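Chemist: Provided below are the primary sequence and the corresponding predicted coordinates.
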Amino acid sequence: MKAPKSVCVYCGSSSRVADLHKDTAHALGEGLARRDIQLVYGGGRVGLMGIVADAALGAGGSVVGIIPEHIQSAEVEHTGLTELHVVDSMHTRKRMMMERSDAFVVLPGGLGTMDETFEVLTWKQLRLHDKPIVIVDVDGYWRPLLGLIDHMIAQGFAQTGHRALFTVVNEADEVFDALEHEPEPSLRTRTQKL
Ligand code: AMP
């Protein structure tokens, strides 16, 4: 695809993680800003979320945060963003994050990151969108998840074609090459109909 204008990053809100993950979040935020790609993310200051946003802002990038009202204090909304949207629910947040983005990148994260990742994958499976999804498997973090997906396919619960819903890379720098090799999305997003 031609360079996306905006990329949504899903990632962990925890800070108690290895430096390698923090470095990856930093490199991705900076890489997006350097390429003039807008970052769309959950709007918090905590964990990898805060790092990716700060790195993009520090490199002069544009950052859109979308945070639900009820977790504003837990995730400490980032007050220095280009745009901050305070929304009524997790559902609205996820829908807006999808609508505002041309592609999705998944960094290491916890249950929230998995929820977001599975939603964007399953909506692609249902042809509600056909935007690229890149999973960054830093130091094999996502290996068990990728193994589970292969297991689902082997056991007949998912189709072989579902493996093509996403691309896997190992580090932040590889994300941009991966996006270039993705086909141009052709479906207009229908997420607002859900
Ligand atoms: P985690 O990976 O658990 O650290 O969470 C990463 C982000 O996902 C945080 O901003 C969470 O608020 C968000 N999150 C958690 N659960 C959900 C959900 N059901 N829908 C939308 N976002 C969620």
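Modeler: It's in.
Chemist: ok, whichever residue of the chain sits closest to the ligand - contacts?
Modeler: Residue nearest to the ligand within the chain (C-beta to the nearest ligand atom): residue 112, separated by 2.3 Å. The C-beta positions use only the backbone N, C-alpha and C, and glycine is treated the same way. Going by C-beta atoms under 8 Å, 6 or more residues apart in numbering, residue 112 touches 12-13.
Chemist: secondary structure element holding it?
Modeler: Under the criterion of DSSP states H and E, residue 112 resides in helix 111-125.
Chemist: give the next helix or strand downstream of that helix.
Modeler: Heading C-terminal from helix 111-125, the first helix or strand you meet, by DSSP H and E, is strand 133-136.
Chemist: which residues does that following strand contact?
Modeler: Here strand 133-136 makes contact (C-beta under 8 Å, 6+ apart) with 24, 28, 103-108, 117, 120-121, 124, 142, 146, 165-172, 174-175, 178-179.
Chemist: and those residues, which of them are in strands?
Modeler: Mapping the contacts of strand 133-136 onto strands (DSSP state E) picks out 103-106, 167-169.
Chemist: give the buried subset of the residues you listed as a PyMOL selection command.
Modeler: Applying 16 or more other C-beta atoms under 10 Å to these leaves a buried subset, and the PyMOL line that selects it is:
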select buried, resi 103+104+105+106+167+168+169
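Chemist: quick check: the farthest pair among the ones in strands among the contacts of strand 133-136?
Modeler: Within the ones in strands among the contacts of strand 133-136, two members stand farthest from each other by C-beta to C-beta: 103 and 168, at 14.5 Å.
Chemist: need the residues of the protein near the ligand, please.
Modeler: Within the chain, the positions near the ligand by C-beta under 6 Å from any ligand atom are 12-14, 42, 44, 71, 75, 90, 93-94, 109-113, 115-116.
Chemist: do I have it right that residue 50 meets residue 77?
Modeler: No: the criterion here is C-beta atoms under 8 Å, and residue 50 misses it with residue 77 at 10.4 Å.
Chemist: find residues that contact each of the two.
Modeler: residue 44.
Chemist: quick one on the thing from earlier: which of the residues of the chain next to the ligand count as buried?
Modeler: Buried by 16+ other C-beta under 10 Å: 12-14, 42, 44, 71, 75, 93-94, 109, 112-113, 116, out of the residues of the chain next to the ligand.
Chemist: now pLDDT too, for these, in JSON lines please.
Modeler: Formatted as JSON lines, those follow (pLDDT from 0 to 100):
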{"residue": "12", "pLDDT": "98"}
{"residue": "13", "pLDDT": "97"}
{"residue": "14", "pLDDT": "97"}
{"residue": "42", "pLDDT": "97"}
{"residue": "44", "pLDDT": "96"}
{"residue": "71", "pLDDT": "89"}
{"residue": "75", "pLDDT": "82"}
{"residue": "93", "pLDDT": "97"}
{"residue": "94", "pLDDT": "95"}
{"residue": "109", "pLDDT": "98"}
{"residue": "112", "pLDDT": "97"}
{"residue": "113", "pLDDT": "98"}
{"residue": "116", "pLDDT": "97"}
